[in-house]
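In: Pasting the sequence and the predicted coordinates here, then a few questions.
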Amino acid sequence: MRRPPPWARVAVIAAVLLVAPLPLNDFRTGLLTEILIFGLLAASLDVLVGYTGLPSLGHATYFGVGGYVAALAARGMTDSAPVGLLAATVGALAVAGATGWLAVRTRGVYFLMLTLAFAQLLFSLAVTWAPVTGGANGLSVPRFALLPGDRGLLLDGPLVFYYYVLAAFALGYFLLHRLVTSPFGRSLVGLRENEARMRSIGYSVLGYKLAAFCAAGAVGGFAGALFVQHQRFISPTNVSFEISALVLIMVIMGGSGTLYGPVAGAALVLLIRDELSSRFQHWELLLGLVFIGFVYFLPRGAAGLLRRARPAAATAGSIAGAGGQEASL
């Protein structure tokens, strides 16, 4: 069976996302918006986990930095949502550059624990620096508009905000896709597979790792700003270990090294969380059992099912073609 061209698949997905919220109520539309935000966050983490081979337990650091920068910009500078996104991206990029400069000099469990330590430091700072962060009480954020001071373009209402997030998600995902499919992205895969060989042929291993770390952190901050603009509130829970662990679970359940897999993983985790939390008090335990099931039975995540289906379809097509040739003989 002949596979459809990439542009056709993109067009179908775009059409589905454009019409998806129309039959939904406000709550489901908000959930779909959250899936896009966390899908982008998980895809940014996949640049480290799936492409560079750097599993991180501190990606909430940049998610939280982006969120706090966007909140402070909205409270003290401008209500323009795009300006908040830009400021959050730059702020997260700066923090990722500073922390990544130290983190990429380690590997394995040391890298994992160092990223976790950075996240815990930021969590403590968010709790104790109350004059700026609001402490444990958090910060409320005013409504956002597309243009500064333009009250005719308020991002008000679940449906309007969904399409704003959809446009931002498309931009962020496009940039990540261009990154991982570029020669730079293929070099990251080379580092993941054989770091010593890449170093021996002249690649700057630390430079490439730091660049990947900064790119992932910048898009993570971009997603954090979107989340704060969606919730209109931020607190230290936005930089907690729970966020980092949940996003890593999204990457693993969806399938690392694919970009689209972590987005699917975000949808799975948030939908499961939504359904289980409304029915069971200890829904985290059930989510953990689901995660264990994925690890044992789908080690390549949900994206692995698609990978299996493609060779099967190709094999079926070749058998059919061979049968047709035999019949013609």
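Out: Structure's in. What do you need?
In: Where in this structure is the helix or strand with the lowest mean pLDDT?
Out: Lowest on mean pLDDT, DSSP states H and E among the helices and strands of the chain sits helix 302-328, with a mean of 48.
In: how about the strands in the stretch 101-250 of the chain?
Out: 139-140, 233-234 (DSSP state E, counting those that start in this stretch).
In: Report all helices and strands that the first one contacts.
Out: Applying 3 or more CB pairs under 8 Å, 6 or more residues apart in numbering; DSSP states H and E, we find strand 139-140 packed against helix 60-76, strand 233-234. In short, each C-beta sits where N, CA and C put it, glycine included.
In: Same question for the last one.
Out: Helices and strands touching strand 233-234, by 3+ CB pairs under 8 Å, 6+ apart, are helix 60-76, strand 139-140.
In: List the strands paired with it, with their directions.
Out: Partners of strand 233-234 in the sheet, by DSSP bridges, are strand 139-140 (antiparallel).
In: Averaged pLDDT, the partner strand. What do you get?
Out: Averaging pLDDT along strand 139-140 yields 91.
In: which residues touch it?
Out: Identification of contacts with strand 139-140 by CB atoms under 8 Å, 6 or more residues apart in numbering yields 68, 71-72, 75, 133, 232-235.
In: Might you list the low-confidence residue ranges for the chain?
Out: Where the chain drops to pLDDT under 70, the residues are 1-4, 6, 149-152, 306-329.
In: was I right about residue 95 contacting residue 60?
Out: No - between residue 95 and residue 60 there is no contact under CB atoms under 8 Å: 11.9 Å.
In: Mind checking which of these two has more residues around it?
Out: Between residue 95 and residue 60, counting by other CB atoms under 10 Å, residue 60 is the more crowded of the two (33 against 23).
In: and residue 174, which of the strands of the stretch 101-250 of the chain is closest to it?
Out: Distance to residue 174, taken as CB to CB, is lowest for strand 233-234 among these, at 26.3 Å.
In: Among the contacts of strand 139-140, which one is most surrounded by other residues?
Out: Most surrounded of the contacts of strand 139-140: other CB under 10 Å gives residue 68, at 31 neighbours.
In: Next, the contact list for it, please.
Out: Contact analysis of residue 68 by CB under 8 Å, 6+ apart lists 126, 133, 139, 228, 234, 238.
In: For the first one, the count of nearby residues, please.
Out: By other CB under 10 Å, the residues close to residue 126 number 27.
In: And stretch 193-205, how far out from the chain middle?
Out: The chain centroid and the centroid of stretch 193-205 are separated by 27 Å under CA atoms, centre = their mean, to the nearest Å.
In: That one: which residues count as buried?
Out: For stretch 193-205, burial by neighbour count (16 or more other CB atoms under 10 Å) applies to 195, 198.
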